[in-house]
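[1] missing the sequence, but the structure's below:
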């Protein structure tokens, strides 16, 4: 927050919070790391659905992967709206929560695809 200029916004109180749409370096790094991890695990899940346990793939594995990808499309729309400024900053927590749920779904799917626990 120190890299932003202090503003008064027409009042006597000094305010150094970023304006809507501005992000700090810390927020950008968090967004990149979370996006990279989610994308990587999603890619591994989709590949695993088609390759494991053997070829040809099981229809249930493909169905599971398609459901996860469809869930990701709604999150992608939220992220696009957030970047355009159509959503308030408080929706960022909702996006993080949904990405965390997608991560858990991908982990469960990979455990299922690789027959862990049998």
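    Sure, I can see it. Keep in mind that what you see is a predicted model, and the values were worked out from it rather than measured.

[2] how much space between residue 67 and residue 100?
    Distance, residue 67 to residue 100, using C-beta to C-beta, to the nearest Å: 17 Å. C-beta here means a position set from N, CA and C on the backbone, and glycine is covered the same way.

[3] typo on my end, residue 76
    For residue 76 relative to residue 100 (C-beta to C-beta), the value is 16 Å.

[4] same deal with residue 53?
    27 Å.

[5] Likewise for residue 107?
    Residue 107 is 11 Å from residue 100, by C-beta to C-beta.

[6] which regions of this protein lie under the pLDDT threshold?
    1-23 (pLDDT under 70).

[7] Next up, identify which helix or strand the residue most central in space within the chain is on.
    With distances taken as C-alpha atoms, centre = their mean, residue 99 lies nearest the centre of the chain, 3.7 Å away. Using DSSP states H and E, the element containing residue 99 is helix 91-113.

[8] hmm, who's touching that helix?
    34-35, 37-38, 41-42, 44-45, 48-49, 52-53, 61, 64-65, 68, 71-72, 74-75, 78-79, 82, 117 (C-beta atoms under 8 Å, 6 or more residues apart in numbering).

[9] rerun at 7 Å
    Contacts to helix 91-113, defined as C-beta atoms under 7 Å, 6 or more residues apart in numbering, come from residues 34, 38, 41-42, 44-45, 48-49, 52, 61, 64-65, 68, 71-72, 75, 78-79, 82, 117.

[10] hey, where'd the helices end up in this protein?
    Remark: helices assigned in the chain by DSSP state H are 25-51, 59-84, 91-113.

[11] For the ones you listed, state which one has the densest average packing.
    Highest mean neighbour count of the helices of the chain: helix 91-113, a mean of 16 (counted as mean count of other C-beta atoms under 10 Å).

[12] the inter-axis angle of that helix versus helix 59-84?
    Computed by axes from the mean of the first three to the mean of the last three C-alpha atoms, to 10 degrees, the angle separating helix 91-113 from helix 59-84 equals 160 degrees.
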